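K.L.:
sequence? don't have it. structure:
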DNA sequence: GCAATGATACAG
DNA sequence: TGTATCATTGCT
(Lines give C-alpha, C1' and ligand atoms only; values in the text may rest on other atoms or scores of the structure.)
Protein backbone atom coordinates (compact mmCIF):
# COMPACT_ATOMS: atom_id res chain seq x y z
CA UNK A 1 0.00 0.00 0.00
CA UNK A 2 1.60 3.22 -1.14
CA UNK A 3 0.39 6.72 -0.56
CA UNK A 4 0.26 8.69 -3.82
CA UNK A 5 2.74 11.54 -3.72
CA UNK A 6 3.43 14.81 -5.49
CA UNK A 7 4.95 13.14 -8.55
CA UNK A 8 1.71 11.29 -9.28
CA UNK A 9 -0.31 14.51 -9.45
CA UNK A 10 2.35 16.62 -11.16
CA UNK A 11 1.44 15.20 -14.57
CA UNK A 12 -1.12 15.93 -17.32
CA UNK A 13 -4.58 16.04 -15.76
CA UNK A 14 -6.19 13.47 -18.04
CA UNK A 15 -3.50 10.90 -17.24
CA UNK A 16 -3.94 11.49 -13.53
CA UNK A 17 -7.73 11.29 -13.89
CA UNK A 18 -7.72 7.92 -15.58
CA UNK A 19 -5.18 6.45 -13.18
CA UNK A 20 -7.06 7.75 -10.16
CA UNK A 21 -9.81 5.23 -10.91
CA UNK A 22 -9.42 2.14 -8.72
CA UNK A 23 -7.31 4.02 -6.18
CA UNK A 24 -8.49 4.33 -2.59
CA UNK A 25 -9.52 7.64 -1.03
CA UNK A 26 -8.86 7.56 2.70
CA UNK A 27 -9.81 9.90 5.54
CA UNK A 28 -8.67 9.34 9.09
CA UNK A 29 -11.06 10.82 11.64
CA UNK A 30 -9.79 12.64 14.75
CA UNK A 31 -10.76 9.58 16.83
CA UNK A 32 -8.67 7.31 14.61
CA UNK A 33 -11.64 5.89 12.76
CA UNK A 34 -10.83 5.14 9.12
CA UNK A 35 -13.18 6.03 6.27
CA UNK A 36 -12.36 4.91 2.76
CA UNK A 37 -13.69 4.15 -0.70
CA UNK A 38 -12.50 3.14 -4.15
CA UNK A 39 -12.58 6.01 -6.65
CA UNK A 40 -15.19 5.14 -9.25
CA UNK A 41 -15.80 8.31 -11.27
CA UNK A 42 -13.81 11.52 -11.80
CA UNK A 43 -14.03 14.63 -13.95
CA UNK A 44 -11.25 16.93 -15.21
CA UNK A 45 -11.10 20.71 -15.41
CA UNK A 46 -8.02 21.90 -17.24
CA UNK A 47 -6.53 25.33 -17.85
CA UNK A 48 -7.91 28.87 -17.94
CA UNK A 49 -9.30 28.25 -21.43
CA UNK A 50 -11.69 25.57 -20.18
CA UNK A 51 -14.91 27.57 -19.86
CA UNK A 52 -16.44 24.85 -17.67
CA UNK A 53 -13.71 25.38 -15.08
CA UNK A 54 -13.85 27.82 -12.21
CA UNK A 55 -10.42 28.94 -13.44
CA UNK A 56 -12.10 30.49 -16.52
CA UNK A 57 -12.20 33.76 -14.60
CA UNK A 58 -8.50 33.68 -13.93
CA UNK A 59 -6.83 33.90 -10.57
CA UNK A 60 -9.33 34.83 -7.87
CA UNK A 61 -9.54 34.28 -4.14
CA UNK A 62 -11.57 31.13 -4.68
CA UNK A 63 -9.59 29.65 -7.56
CA UNK A 64 -6.07 30.41 -6.36
CA UNK A 65 -5.81 26.86 -5.06
CA UNK A 66 -6.30 25.53 -8.60
CA UNK A 67 -3.29 27.57 -9.70
CA UNK A 68 -1.21 26.22 -6.86
CA UNK A 69 0.77 23.06 -6.26
CA UNK A 70 -0.57 19.71 -7.49
CA UNK A 71 -1.53 17.08 -4.94
CA UNK A 72 -3.55 19.48 -2.83
CA UNK A 73 -7.32 19.60 -2.37
CA UNK A 74 -9.67 22.18 -3.84
CA UNK A 75 -12.92 22.17 -1.87
CA UNK A 76 -15.70 24.60 -2.68
CA UNK A 77 -19.33 25.18 -1.77
CA UNK A 78 -22.09 25.20 -4.38
CA UNK A 79 -25.88 25.34 -4.79
CA UNK A 80 -26.01 26.80 -1.30
CA UNK A 81 -25.82 23.33 0.20
CA UNK A 82 -23.07 21.16 -1.19
CA UNK A 83 -19.31 20.75 -0.82
CA UNK A 84 -17.27 19.50 -3.80
CA UNK A 85 -13.93 17.73 -3.42
CA UNK A 86 -11.30 18.18 -6.14
CA UNK A 87 -7.62 17.31 -6.40
CA UNK A 88 -5.29 19.92 -7.92
CA UNK A 89 -3.16 18.91 -10.90
CA UNK A 90 -0.81 20.60 -13.39
CA UNK A 91 2.36 22.49 -12.41
CA UNK A 92 2.17 25.52 -10.13
CA UNK A 93 0.82 28.46 -12.13
CA UNK A 94 -1.33 26.29 -14.40
CA UNK A 95 -4.90 25.74 -13.15
CA UNK A 96 -6.19 22.19 -13.15
CA UNK A 97 -8.30 19.98 -10.92
CA UNK A 98 -10.07 16.65 -10.82
CA UNK A 99 -13.54 16.45 -9.29
CA UNK A 100 -14.14 13.19 -7.46
CA UNK A 101 -17.72 12.31 -8.42
CA UNK A 102 -18.17 8.85 -6.95
CA UNK A 103 -16.46 6.33 -4.69
CA UNK A 104 -17.40 2.79 -3.66
CA UNK A 105 -17.34 2.73 0.15
CA UNK A 106 -15.01 0.18 1.71
CA UNK A 107 -14.39 1.17 5.33
CA UNK A 108 -16.28 3.22 7.90
CA UNK A 109 -19.73 2.47 6.51
CA UNK A 110 -21.48 3.10 9.80
CA UNK A 111 -20.05 6.59 10.15
CA UNK A 112 -20.93 7.37 6.54
CA UNK A 113 -24.50 6.19 6.99
CA UNK A 114 -25.04 8.26 10.09
CA UNK A 115 -23.74 11.38 8.32
CA UNK A 116 -25.84 10.81 5.21
CA UNK A 117 -29.08 10.21 7.12
CA UNK A 118 -31.29 7.21 6.64
CA UNK A 119 -33.81 8.79 4.30
CA UNK A 120 -31.20 9.34 1.61
CA UNK A 121 -30.20 6.91 -1.12
CA UNK A 122 -26.66 6.06 -2.17
CA UNK A 123 -23.87 6.49 0.35
CA UNK A 124 -21.11 8.01 -1.78
CA UNK A 125 -22.32 7.83 -5.40
CA UNK A 126 -22.36 11.57 -6.04
CA UNK A 127 -19.84 14.40 -5.58
CA UNK A 128 -21.76 16.03 -2.74
CA UNK A 129 -22.77 12.71 -1.23
CA UNK A 130 -19.19 11.58 -0.72
CA UNK A 131 -18.10 14.83 0.87
CA UNK A 132 -21.01 14.57 3.28
CA UNK A 133 -20.22 10.92 4.08
CA UNK A 134 -16.52 11.65 4.62
CA UNK A 135 -17.07 14.93 6.41
CA UNK A 136 -15.16 17.05 3.91
CA UNK A 137 -15.88 20.78 4.08
CA UNK A 138 -14.09 24.12 3.78
CA UNK A 139 -11.64 23.13 6.49
CA UNK A 140 -10.17 20.69 3.98
CA UNK A 141 -9.62 23.24 1.22
CA UNK A 142 -5.98 23.57 0.10
CA UNK A 143 -5.03 20.53 2.19
CA UNK A 144 -1.84 18.69 1.23
CA UNK A 145 -2.89 15.14 0.33
CA UNK A 146 0.72 14.11 -0.17
CA UNK A 147 2.11 14.87 3.26
CA UNK A 148 3.32 11.69 4.95
CA UNK A 149 1.09 12.22 7.98
CA UNK A 150 -1.94 13.81 6.35
CA UNK A 151 -5.40 12.63 7.42
CA UNK A 152 -6.77 12.75 3.89
CA UNK A 153 -4.91 10.99 1.11
CA UNK A 154 -5.03 8.56 -1.82
CA UNK A 155 -3.59 5.08 -1.64
CA UNK A 156 -2.32 2.91 -4.52
CA UNK A 157 -3.56 -0.61 -3.90
CA UNK A 158 -1.11 -1.98 -6.43
CA UNK A 159 -3.89 -3.21 -8.68
CA UNK A 160 -3.99 -2.49 -12.42
CA UNK A 161 -5.82 0.65 -13.49
CA UNK A 162 -9.34 -0.54 -14.36
CA UNK A 163 -10.94 -0.16 -17.77
CA UNK A 164 -12.89 3.05 -18.01
CA UNK A 165 -15.21 4.97 -20.27
CA UNK A 166 -14.94 8.68 -21.03
CA UNK A 167 -17.96 10.90 -21.51
CA UNK A 168 -18.87 14.60 -21.51
CA UNK A 169 -18.82 16.22 -18.11
CA UNK A 170 -21.95 16.51 -15.98
CA UNK A 171 -23.91 19.56 -14.84
CA UNK A 172 -22.16 22.11 -17.02
CA UNK A 173 -25.24 24.21 -17.72
CA UNK A 174 -24.66 26.83 -20.40
CA UNK A 175 -20.97 26.15 -20.94
CA UNK A 176 -20.25 26.75 -24.66
CA UNK A 177 -18.70 24.27 -27.05
CA UNK A 178 -16.23 22.73 -27.40
CA UNK A 179 -15.90 22.64 -23.62
CA UNK A 180 -19.44 21.38 -23.05
CA UNK A 181 -18.69 18.18 -24.97
CA UNK A 182 -15.13 17.49 -23.97
CA UNK A 183 -15.07 13.80 -22.86
CA UNK A 184 -13.28 14.52 -19.61
CA UNK A 185 -15.50 12.45 -17.35
CA UNK A 186 -13.98 9.04 -16.59
CA UNK A 187 -15.80 6.15 -15.02
CA UNK A 188 -14.93 2.53 -14.25
CA UNK A 189 -16.69 0.09 -16.58
CA UNK A 190 -18.99 -2.20 -14.67
CA UNK A 191 -22.05 -2.76 -16.81
CA UNK A 192 -22.77 -4.12 -20.25
CA UNK A 193 -24.72 -2.28 -22.93
CA UNK A 194 -22.94 1.07 -22.80
CA UNK A 195 -24.26 3.83 -25.04
CA UNK A 196 -22.52 4.18 -28.38
CA UNK A 197 -21.54 7.76 -27.62
CA UNK A 198 -19.19 6.51 -24.93
CA UNK A 199 -15.69 5.50 -25.91
CA UNK A 200 -13.93 2.63 -24.19
CA UNK A 201 -10.32 3.14 -23.12
C1' DG B 1 -40.28 18.80 -12.14
C1' DC B 2 -38.26 21.84 -8.91
C1' DA B 3 -37.06 23.92 -4.25
C1' DA B 4 -33.38 24.42 -1.00
C1' DT B 5 -29.85 27.81 0.26
C1' DG B 6 -25.43 30.77 0.12
C1' DA B 7 -20.80 31.89 -1.84
C1' DT B 8 -18.79 33.87 -5.84
C1' DA B 9 -17.96 37.03 -9.45
C1' DC B 10 -19.05 40.78 -12.01
C1' DA B 11 -21.75 44.77 -13.42
C1' DG B 12 -22.74 49.37 -12.24
C1' DT C 1 -24.59 47.17 -3.44
C1' DG C 2 -27.43 44.20 -6.33
C1' DT C 3 -28.03 39.93 -8.78
C1' DA C 4 -27.29 35.93 -11.99
C1' DT C 5 -25.18 31.77 -11.70
C1' DC C 6 -24.03 27.65 -10.05
C1' DA C 7 -18.85 21.06 -11.35
C1' DT C 8 -26.17 18.94 -6.78
C1' DT C 9 -29.41 16.45 -4.19
C1' DG C 10 -33.74 14.77 -2.63
C1' DC C 11 -38.54 15.24 -2.43
C1' DT C 12 -43.03 15.75 -5.10
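P.N.:
It's in. Computed from a prediction, not measured in an experiment: that's the story for all the values here.

K.L.:
and residue A:85, what helix or strand is that in?
P.N.:
Assigned by DSSP states H and E, residue A:85 falls within strand A:82-88.

K.L.:
Check whether whichever helix or strand comes after that strand comes near DNA strand B.
P.N.:
From strand A:82-88 onward toward the C-terminus, using DSSP H and E, the following helix or strand is strand A:96-107. No - in terms of C-beta under 7 Å from any atom of the strand, no part of strand A:96-107 sits within range of DNA strand B; the closest distance is 13.1 Å. From N, CA and C alone the C-beta is placed, and that goes for glycine too.

K.L.:
about what we covered before: quick check: mean pLDDT across the strand holding residue A:85?
P.N.:
Average pLDDT, strand A:82-88: 97.

K.L.:
just stretch A:10-24 next, same as before
P.N.:
Mean predicted confidence for stretch A:10-24 is 97.

K.L.:
What residues sit buried inside it?
P.N.:
A:10, A:13, A:14, A:16, A:17, A:18, A:19, A:20, A:21, A:22, A:23, A:24 (16 or more other C-beta atoms under 10 Å).

K.L.:
Kindly report the same for stretch A:32-47.
P.N.:
Buried residues in stretch A:32-47 (16+ other C-beta under 10 Å): A:35, A:36, A:37, A:38, A:39, A:40, A:41, A:42, A:43, A:44, A:45, A:46.

K.L.:
which ones among those residues are found in strands?
P.N.:
A:35, A:36, A:37, A:38, A:39, A:40, A:41, A:42, A:43, A:44, A:45, A:46 (DSSP state E).

K.L.:
for the residues you listed, which one is nearest residue A:54?
P.N.:
Proximity of these to residue A:54 (C-beta to C-beta) peaks at residue A:45, which lies at 7.2 Å.

K.L.:
Could you pull up the contacting residues of the closest one?
P.N.:
By C-beta atoms under 8 Å, 6 or more residues apart in numbering, residue A:45 lies in contact with A:13, A:52-55, A:66, A:86, A:95-99, A:184.

K.L.:
Please tell me how far it sits from DNA strand B.
P.N.:
Residue A:45 sits 13 Å away from DNA strand B, going by C-beta to the nearest atom of the strand, to the nearest Å.

K.L.:
Dig out what that residue forms beta bridges with.
P.N.:
residue A:97 (DSSP bridges).

K.L.:
can you give me the helices for chain A?
P.N.:
Assigned helices in chain A, in chain order: A:6-9, A:13-20, A:109-116, A:127-134 (criterion: DSSP state H).

K.L.:
so what secondary structure elements neighbour the shortest one?
P.N.:
When you say that, I think you mean helix A:6-9. Helices and strands touching helix A:6-9, by 3 or more C-beta pairs under 8 Å, 6 or more residues apart in numbering; DSSP states H and E, are helix A:13-20.

K.L.:
What lies in contact with the helix it packs on?
P.N.:
Residues outside helix A:13-20 that contact it (C-beta under 8 Å, 6+ apart) are A:8-9, A:39, A:42-46, A:87, A:89-90, A:96-98, A:100, A:154, A:161, A:164, A:184, A:186, A:201.
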